[in-house]
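>>> A structural model of the following input is requested.
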Amino acid sequence: MTKNFLLAATAMTAIAFAGAAGAAEITSASVSGVSLTGGSTPAVYTIATQTVTATAANRQTTIAAGDNVIVGSVSNGGAFGPGIGGRTYGAKLVLTGATFQGAVTSGDIALVGGTPANCLAEALIVEGGAAAGTSVTVAITVPAGCAIADAPTGVSFDVPFTLDAAATTASAAVNFVLGAAETPYDGGAATVQLVRKANAYDLTVTADTVPTTLALAGTAPYTALLTGSNVDNVLGTIKVGFADAPAGSADGAIFANLDGGATNLPVLTYDLQVKAETGDFDVIELALDGTALTVDGDDNTIALIEDVAAGEVELTASIPGGNEVSLSSSQAYSVTVTPTATPTTVVAKPANVSGAVQTIGLEGTNFVAPWFTLNNANNTAFLRLSNNGSGSTGPIFLTLKSANGAVSTASVTLTQAMLAEGTLSANGGIAANSAILITGAQLASAFGTSAANGDVQVTVQASDANLTAKARVRTASGVVTETSLGRLGDTGVSF
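Just a heads-up that it's a prediction; the model follows:
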């Protein structure tokens, strides 16, 4: 139907909404009987990201009268004034992200406010409102002689709707215009968000921050976990369960669909797989809140546990007493959480979640050479590492930080090819009562960097009792400066 706003008067000046009116405003809104207004800020009907939107019924609101009402009003207590000789207004509702479930009829439209017995205003649909449509326009006629105090203050639209299959949000806008010229009311449309999606489940893998470290001391190095106040055996936390509804969610809930009833979200259990990205489970044993994981019979780098109840639990590591196998490298793990749930046509189970937990490092010693020279034609820099003990150290690890240029590889294990002087022991360490020398240029090549300078961290798999580290710089004129390097700490070294 074509719009046809009939004006009882041809002479119009400013838009004559009575009262100190501003823009249109949404004064009431509900979805499937769930109120979105009434609080200090509007709420939003929130459905699960996992809602099966391929099924249209899951995207449809209830259809009972009064369940899906949107009221647009003249703001600041204003009203549709009659002017001189009566006046006609237009009120338009536009849905975004949704369509009308059925045709909007005159019974779905009502004027609100005022005193209807004293002001026989009328509302007539003049455009739109078809089933599967997104907009409807209403002509509001306020007759001459209607007192402003009795005039209607707004219009309500009772419109069950269907969320678009691909939509993550839906909203409604109400706009008022004046007369046949459709002069927009000052301030434009008022908008309310009706629907949004949120993840209904909380599946997280969080790495622990307290170091878990293989100890140097023992029957042999790295045969047991280090104990003490600064370390523990917790690798991370696994959390599986319902997510909290985002702030501003109607009824403080995440709904399974748009029917307004109970959330009906299935309770999860899950299977957990831990993959040893470095190392294996021949020595290290894992447990989830005290329940042991089982090592895969065909792959000793995978440990499993099935049918875990929802909740928050800790993944811990241990080594059996009396172990004599020395672990010469760090143990790094990734975790995959595979949720399981009772099948439902309303909500799909959430996707798998993967993440890294804490790496089990090797106890050792860290030195740092701040702003070490790497690429400089005028200066030559050296790192000198010495071992004054009676046995070889373990391997040496180098990390480049805060470089002033691009870096290809930030962390490397020291090799014989990187040495200017000295010979590494068979296990890649510094032999007893010996020293090695590394140039800045060799480090620049190993790191793959063009940076002139950077902070170089040196990590040695050994206690600091017999270790020294110095940085030496020789200028083109032959001037030599040497600095003893400070030690950073003894635990949590990763190789």
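>>> remind me which residues of the protein are low pLDDT?
Filtered on pLDDT under 70, the chain yields the residue ranges 1-23, 84-85, 179-187, 262-263, 488-495.
>>> which residues of it fall in helices?
Applying DSSP state H to the chain gives helices spanning 440-447.
>>> tally of neighbours for the closest residue to residue 383 other than its chain neighbours?
In space, and not counting its chain neighbours, residue 383 is closest to residue 438: 4.5 Å by C-beta to C-beta, 6 or more residues apart in numbering. Just so you know, the C-beta spots here come from the backbone N, C-alpha and C atoms, and that holds for glycine as well. Using other C-beta atoms under 10 Å, residue 438 has 23 other residues around it.
>>> go on, residue 367?
Number of residues near residue 367 (other C-beta under 10 Å) recorded here: 22.
>>> ok so, going back, the residue nearest to residue 383 is in contact with residue 380, isn't it?
No. Residue 438 lies out of contact with residue 380 (C-beta atoms under 8 Å); the separation is 11.8 Å.
>>> coming back round to it: contacting residues for the residue nearest to residue 383?
Contacts for residue 438 (C-beta atoms under 8 Å, 6 or more residues apart in numbering) come out as 382-383, 385, 414, 418-420.
>>> give me that answer again for 7 Å
382-383, 418-420 (C-beta atoms under 7 Å, 6 or more residues apart in numbering).
>>> repeat that for residue 375.
444, 450-452.
>>> filter those residues down to the buried ones.
444, 451-452 (16 or more other C-beta atoms under 10 Å).
>>> dump those to CSV, plus distance to residue 178.
Output for the buried ones among the contacts of residue 375, formatted as CSV (distance: C-beta to C-beta, whole Å):
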residue, distance to residue 178
444, 74
451, 68
452, 71
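>>> just those residues now: which is nearest residue 44?
residue 451 (49.7 Å; C-beta to C-beta).
>>> wait, the closest one touches residue 402, no?
No. Between residue 451 and residue 402 there is no contact under C-beta atoms under 7 Å: 9.4 Å.
>>> what's the spacing between stretch 145-155 and its chain's center?
49 Å (C-alpha atoms, centre = their mean, to the nearest Å).
>>> how about that stretch as CSV, C-alpha atoms only?
The C-alpha coordinates for stretch 145-155 follow below in CSV (Å, rounded to 0.1, in the frame of the first residue of the first chain):
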residue,chain,number,x,y,z
GLY,A,145,-9.8,19.9,19.1
CYS,A,146,-7.7,17.2,20.8
ALA,A,147,-6.0,18.7,23.9
ILE,A,148,-2.3,18.2,24.1
ALA,A,149,-2.7,16.5,27.5
ASP,A,150,-4.9,13.9,26.0
ALA,A,151,-2.9,13.3,22.8
PRO,A,152,-1.0,10.0,22.4
THR,A,153,2.7,10.0,23.3
GLY,A,154,3.9,7.0,21.2
VAL,A,155,3.0,3.9,19.2
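>>> run through who's touching it.
Residues contacting stretch 145-155 (C-beta under 7 Å, 6+ apart): 18, 27, 71-74, 78-82, 91, 109, 111-115, 118-119, 121, 123, 138, 140, 142.
>>> quick check: buried residues in that stretch?
Buried residues in stretch 145-155 (16+ other C-beta under 10 Å): 146, 148, 150-155.
>>> same question, stretch 302-322
Buried, per 16+ other C-beta under 10 Å, within stretch 302-322: 302-303, 305, 308, 310, 313-317, 319.
>>> tell me which two of these sit farthest apart.
Largest pairwise distance in these, by C-beta to C-beta, is 29.8 Å, between 310 and 319.
>>> residue 213 reaches residue 361, doesn't it?
Yes. Taking C-beta under 7 Å as the definition, residue 213 is a contact partner of residue 361 at 5.1 Å.
>>> who has more neighbours out of the two?
residue 213 (27 against 23).
>>> give me the nearest residue to that one, chain neighbours excluded.
Nearest non-adjacent residue to residue 213 (C-beta to C-beta, 6+ apart): residue 226, at 4.2 Å.
>>> what distance do you get for that neighbour to residue 159?
66 Å (C-beta to C-beta, to the nearest Å).
>>> just give the nearest non-adjacent residue to residue 59, would you?
Here the residue nearest residue 59, using C-beta to C-beta, 6+ apart, is residue 163, at 4.0 Å.
>>> for the residue nearest to residue 213, give me phi and psi.
Backbone geometry at residue 226, expressed as degrees, to the nearest 10, gives phi -70, psi 140.
>>> pull the contacting residues for it.
Contacts for residue 226 (C-beta under 7 Å, 6+ apart) come out as 213-215, 363, 491.
>>> hmm, try it at 10 Å
211-218, 232-233, 360-363, 490-492 (C-beta atoms under 10 Å, 6 or more residues apart in numbering).
>>> cool, and residue 329?
By C-beta under 10 Å, 6+ apart, the neighbours of residue 329 are 214, 222, 278-279, 360-362, 394-395, 413, 461, 494-495.
>>> closest to residue 267 among those?
residue 360 (33.3 Å).
>>> now the closest one: how far from residue 472?
Distance from residue 360 to residue 472, by C-beta to C-beta: 35 Å.
>>> more crowded one of these two?
Between residue 360 and residue 472, residue 360 has the larger neighbour count (other C-beta under 10 Å), namely 28 against 16.
>>> look up how far residue 286 lies from residue 119.
Taking C-beta to C-beta, one finds residue 119 at 76 Å from residue 286.
>>> now residue 25
58 Å.
>>> okay, those two: which has more neighbours?
Each of residue 25 and residue 286 has its neighbours counted (other C-beta under 10 Å); residue 286 has more, 25 against 19.
>>> could you turn the buried ones of the contacts of residue 438 into a ChimeraX selection?
Buried residues within the contacts of residue 438, by 16+ other C-beta under 10 Å, are selected in ChimeraX with:
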select :382,383,418,419
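>>> what is the nearest of the contacts of residue 438 to residue 38?
When these are compared against residue 38 (criterion: C-beta to C-beta), the nearest one is residue 383, at 69.1 Å.
>>> wait, that closest one touches residue 369, no?
Yes. Shown here, residue 383 and residue 369 form a contact pair, counting by C-beta atoms under 10 Å, at 6.2 Å.
>>> need the overlap of contacts for the two.
When contacts are counted by C-beta under 10 Å, 6+ apart, the set common to residue 383 and residue 369 consists of 398, 440, 443, 456, 458, 469-471, 485.
>>> quick revisit: next one: the residue nearest to residue 213 from residue 207, what distance?
With C-beta to C-beta as the criterion, residue 226 and residue 207 are 18 Å apart.
>>> quick check: residue 71 touching residue 25?
Yes. If you go by C-beta under 10 Å, residue 71 and residue 25 touch, sitting 9.3 Å apart.
>>> tell me, what's touching the two both at once?
Residues within reach of residue 71 and of residue 25 at once, by C-beta under 10 Å, 6+ apart, are 154, 174, 192.
>>> re the thing from before, ok, so what distance separates the residue nearest to residue 213 from residue 360?
10 Å.
>>> ok, now residue 249?
Taking C-beta to C-beta as the measure, residue 249 falls 41 Å from residue 360.
>>> how far away is the closest residue to residue 312 other than its chain neighbours from residue 311?
Closest residue in space to residue 312, ignoring its immediate chain neighbours: residue 239 at 4.4 Å, by C-beta to C-beta, 6+ apart. Going from residue 239 to residue 311 by C-beta to C-beta gives 8 Å.
>>> count the residues that sit near residue 288.
Neighbour number of residue 288 under other C-beta under 10 Å is 17.
>>> hey, what's it bridged with?
Under the criterion DSSP bridges, residue 288 forms beta bridges with residue 291, residue 315.
>>> and the contacts of residue 438, which is closest to residue 341?
Nearest to residue 341 among the contacts of residue 438, counting by C-beta to C-beta, is residue 418 at 52.9 Å.
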